[in-house]
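Asks: mind folding the following:
(one chain, ligands or ions: 2)
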Amino acid sequence: TYVVTEACIKCKYQDCVEVCPVDCFYEGENMLVIHPDECIDCGVCEPECPAEAILPDTEGEAEKWLELNRDYSEKWPNITVKGDAPDDADEFAKVENKFEQFFS
Ligand code: SF4
Ligand code: F3S
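Replies: Ligands and ions are numbered 1, 2, ... in the order given. Down below sits the predicted model:
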């Protein structure tokens, strides 16, 4: 499966939503996650994310995000239509450690 990682937090560009053939993205306040059981591993979303937040779960740091993607995809609503990114998305794209923002 592919997973959404830290770089999505407060960026939420949502280009990924438009290309996913199975609509397996779920939306929280500050980021999106992928439902690992629904993702068909097509990989088309990975290059579409301007923040490079989407990775295969086999890649080092992505592994720890798998659990979070699984948890929150059960709690958050499905998103199938791309909305607007936050006004300050480009600012947050430059911030490296954003995990504390996840809860803000
Ligand atoms: Fe959707 Fe394919 Fe990305 Fe999985 S890899 S989230 S199926 S676009
Ligand atoms: Fe997030 Fe990238 Fe999608 S910033 S909303 S994973 S396009």
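
Asks: tell me the residues on the chain that lie near ligand 1, please.
Replies: By Cβ under 6 Å from any ligand atom, the part of the chain that sits against ligand 1 consists of 2, 19-20, 22, 24, 34, 39-45. In short, each C-beta sits where N, CA and C put it, glycine included.

Asks: now for those residues: which two are most distant?
Replies: Between all members of those, the longest pairwise span (Cβ to Cβ) is found for 19 and 41 and amounts to 13.8 Å.

Asks: of these two, who's got more company?
Replies: Set residue 19 next to residue 41 and count neighbours by other Cβ atoms under 10 Å: residue 19 wins out with 14 against 9.

Asks: which residues touch the more buried one?
Replies: By Cβ atoms under 8 Å, 6 or more residues apart in numbering, residue 19 lies in contact with 44-45, 48.

Asks: ranking those by neighbours, who comes first?
Replies: For those, neighbours were counted using other Cβ under 10 Å, and residue 45 has the most, 23 neighbours in all.

Asks: so that one sits against residue 14, correct?
Replies: No. Residue 45 lies out of contact with residue 14 (Cβ atoms under 8 Å); the separation is 10.5 Å.

Asks: phi, psi for the residue nearest to residue 70 when sequence neighbours are not counted please.
Replies: Taking Cβ to Cβ, 6 or more residues apart in numbering, and ignoring the residues beside it in sequence, residue 70 has residue 36 as its nearest neighbour in space, at 5.3 Å. In terms of degrees, to the nearest 10, the main-chain angles of residue 36 are phi -60, psi -30.

Asks: how much space separates residue 36 from residue 96?
Replies: If you measure residue 36 against residue 96 using Cβ to Cβ, to the nearest Å, the figure is 25 Å.

Asks: you'd agree residue 42 is in a helix?
Replies: No. Residue 42 is assigned coil when assessed by DSSP: H, G, I helix; E, B strand; the rest coil, not a helix.

Asks: looks like it contacts residue 21 (just checking).
Replies: Yes. Counting by Cβ under 8 Å, residue 42 sits close enough to residue 21 to count as a contact (6.2 Å).
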